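**Student:** fold the stuff below for me.
(2 chains)
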Amino acid sequence: MTRLEQPIAVCRTCCEGYEFVNRLLDVNNLEVTFAKRAGKFQAVRGVSFSLDKGEHLGLVGESGAGKSITGFSIINLISKPGYISKGNILFEGRDLAKLSLEEMRRIRGDRIAMIFQDPMMTLNPVLTIGTQMIETVLAHRRVSRAEARDISVERINRVRISSPERRLKQYPHEFSGGMRQRIVIAISLLTDPALIIADEPTTALDVTIQAEIMELLLDLCTSRQMGLVLITHDLAVVSQITQRIAVMYAGLIVETGPTAEVIATPRHPYTRGLINALPQTRHGEKRLRQIPGVMPGLRNLPAGCAFHPRCEQCRDICITTQPERRTLACGVQVACHLVEE
Amino acid sequence: MLADAPVLLQCREVVKHFDISGGFLDQLRFQAGRPRRVRTLVRAVNGVSFDVRQGETLSVVGESGCGKSTLARTILNLYPADGGEIRYRNQRIDNLSPKAMLPYRVKMQMVFQDPYASLNPRMTVSRILEEPVCYHHPGLSRAEVRERVAQVMCQVGMDPTWADNFPHEFSGGQRQRISIARALVVDPEFIVADEPISALDVSIQAQILNLLMDAQETRNLTYLFISHDLSVVEHISDRVAVMYLGSLCELAPVEQLFAAPRHPYTRALLSAIPRLGAGPGPKDRIRLSGELPSPLHLPSGCVFHGRCPHARARCRQEIPKPVQLSATAQVSCLGVEEGWL
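**Tutor:** The predicted structure is shown next:
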């Protein structure tokens, strides 16, 4: 693990005052642009966040908020016509946004692993689990087939699946949805990554299976000091397994901070609306508090604060000026004109 | 209040099996040297009995594959039932021909899960909404039909001037409003909503739930609400039915079910709900061992015995009968019946 001990690059302008020893990931002012024939538009419009070693961050938002694109861009999985147009992604001393394809390939699946929503789409249906696992190990490590096999068996054990030797010979369709997602997690663990990005890992699963998978993911990340970026629309799941939360709306992080603090006292009107829209926060009240309207399309964003057409407390300044992100005393950062210091 | 409301719909021992054995040659098996014809059945719904009272919202919850959607479609005679009786206002409807079913189709409507698949992409909104009115009320004049459609569109929060647009021009939430309008436009008494909000974002879910509750209030509707989202069910329902592998485990008023669940499966299911702000770490979640059995090979006795932490010898042999706990609550568990649970 010599790579970990390398000095980590320091961006003085935006990260001043942090302890860099524990810093795992630093995303600064990330912009992702899609250049289509109809014109350019930005799916991510200047997102900054950071992650310490072993820290769990929840990236929350509705569909179209840009949370998955943000997650994908960390390992440069943005395909054309999309590209990272601005910003940097510092990970273990290197800027991932500037790496060549070959250098990126060595990090992908090795230092940073990704878990996708649908395990049936992630696994190759015509190859056995064993083939897929051993292939991954051989792609990243100089080991023999037998050693790669041993590593695979150990990882299947780690995700609490019985008789791993037999599992290696099975095909993805022989597993249930929850088991498949466990296998995907086992594959992501093969190279002992420092960071796992999980994009809606339990959305396709039932609530009892979801609870099991989330507990497993939490245990693994905690015991191995792995960083976790959990991308989800489910605030309840985020509140249970992450230390910090970042709420995205229309390509921007509108509020970020310690999870418990943000959930207990949401400051941005959108976060508040999202929490109040959940049935479980409405004790005794029959009508749900809905946020009126829908999220604007990324092609025709409103001027000023992107949330202002749906905001009940909208003022003149919200219509004209985009709010800056400000840090409050409690450690919460929020981008809203109405939030007082 | 609900206990003395008249019964609208009665289901008695409803059974629905699907034959998936294919053609004659696919069914042939050789046993002891002789050809035998073997049928393969998916036992989706096995002897489900319950009443729906007028004006109530009865929710059916369960994990995917437990037969809740099949039950909903069987009740509406979209799938012919293979056994049992379904009565609507004390008239038997499960054995009616499609033509004899017509007067009931006006009374019983359905809202489907996926608003992208359930609306014809080649019909404008006005055609989608006018078709059921013209079909069921051929006597109405063109102006009367238009008037009725405009009225319903206003009620579901859609501008009637959008009537000439096609479904693809609307967002998911708006499309679900169109599907709800299509159900409401024939002025039904009873609506089966099959996961109406699970394809939508959180803030839109609240809008649609409010819309459904408003429509219920103004039109005195009765809902059969199918969902896997327990916190939504807790909010919207009067009574909740829990299904597991084609059988009804427990049926109880919502407060009673969530406060004091009796069936071991209900307890496990409720303990798996992610709660907002519950903090990180595993809670006192009831862990179920083993995998969900396949409806192709149902376990003997109680369908839940293989995963039940309390299962005894009798559970393995005997299918539990529903025990009436009160006028509105029933539970199918031998442990509750014998009093040791």
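**Student:** now do the contacts for residue 332.
**Tutor:** This is for chain A. A:Glu255, A:Thr256, A:Gly257, A:Pro258, A:Glu261, A:Val262, A:Arg267 (Cβ atoms under 8 Å, 6 or more residues apart in numbering or on different chains). Every C-beta, even on glycine, is put in place using the N, C-alpha and C of the backbone.
**Student:** oops, wrong one, chain B.
**Tutor:** Going by Cβ under 8 Å, 6+ apart, B:Ser332 touches B:Ser247, B:Leu248, B:Cys249, B:Glu250, B:His263, B:Cys302, B:Pro320, B:Lys321, B:Pro322, B:Val323.
**Student:** what's the ChimeraX line that selects buried ones from the contacts of A:Val332?
**Tutor:** Applying 16 or more other Cβ atoms under 10 Å in any protein chain shown to those leaves a buried subset, and the ChimeraX line that selects it is:
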select /A:255,256,257,261,262,267
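**Student:** break down chain B into its strands, ranges please.
**Tutor:** B:7-19, B:28-31, B:34-37, B:41-53, B:57-61, B:83-88, B:91-92, B:108-111, B:190-194, B:222-227, B:239-244, B:247-253, B:323-324, B:330-331 (DSSP state E).
**Student:** would you turn those strands into a markdown table with mean neighbour count, distance to A:Glu312 and mean pLDDT?
**Tutor:** A markdown table is the format used below for the strands of chain B (neighbours: other Cβ atoms under 10 Å in any protein chain shown; distance: least, Cβ to Cβ, whole Å; pLDDT from 0 to 100):
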| stretch | mean neighbour count | distance to A:Glu312 | mean pLDDT |
| --- | --- | --- | --- |
| strand B:7-19 | 18 | 39 | 93 |
| strand B:28-31 | 10 | 66 | 85 |
| strand B:34-37 | 9 | 67 | 87 |
| strand B:41-53 | 21 | 38 | 92 |
| strand B:57-61 | 25 | 29 | 95 |
| strand B:83-88 | 18 | 43 | 94 |
| strand B:91-92 | 11 | 49 | 94 |
| strand B:108-111 | 23 | 29 | 94 |
| strand B:190-194 | 24 | 29 | 95 |
| strand B:222-227 | 25 | 29 | 95 |
| strand B:239-244 | 25 | 33 | 95 |
| strand B:247-253 | 25 | 35 | 94 |
| strand B:323-324 | 14 | 48 | 90 |
| strand B:330-331 | 23 | 44 | 94 |
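**Student:** among the ones you listed, which comes closest to A:Val159?
**Tutor:** Closest to A:Val159 of the strands of chain B, according to Cβ to Cβ: strand B:239-244, at 25.5 Å.
**Student:** so is that closest one next to chain A?
**Tutor:** No - against chain A, strand B:239-244 shows no contacts by Cβ under 8 Å from any Cβ of the partner chain, the least distance being 10.8 Å.
**Student:** okay, that strand in CSV with CA atoms only?
**Tutor:** Coordinates of each C-alpha in strand B:239-244 appear next as CSV, following Å, rounded to 0.1, in the frame of the first residue of the first chain:
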residue,chain,number,x,y,z
ARG,B,239,-56.7,-1.5,7.0
VAL,B,240,-53.7,-3.4,5.8
ALA,B,241,-53.4,-6.9,4.5
VAL,B,242,-50.0,-8.5,4.5
MET,B,243,-49.4,-11.2,1.9
TYR,B,244,-46.6,-13.8,1.7
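**Student:** the inter-axis angle of it versus strand B:57-61?
**Tutor:** Computed by axes from the mean of the first three to the mean of the last three Cα atoms, to 10 degrees, the angle separating strand B:239-244 from strand B:57-61 equals 20 degrees.
**Student:** who's in contact with strand B:239-244?
**Tutor:** Residues outside strand B:239-244 that contact it (Cβ under 8 Å, 6+ apart): B:2, B:48, B:50, B:56-63, B:66-68, B:71, B:233-234, B:248-254, B:257-258, B:263, B:265-266, B:269, B:303-304, B:328.
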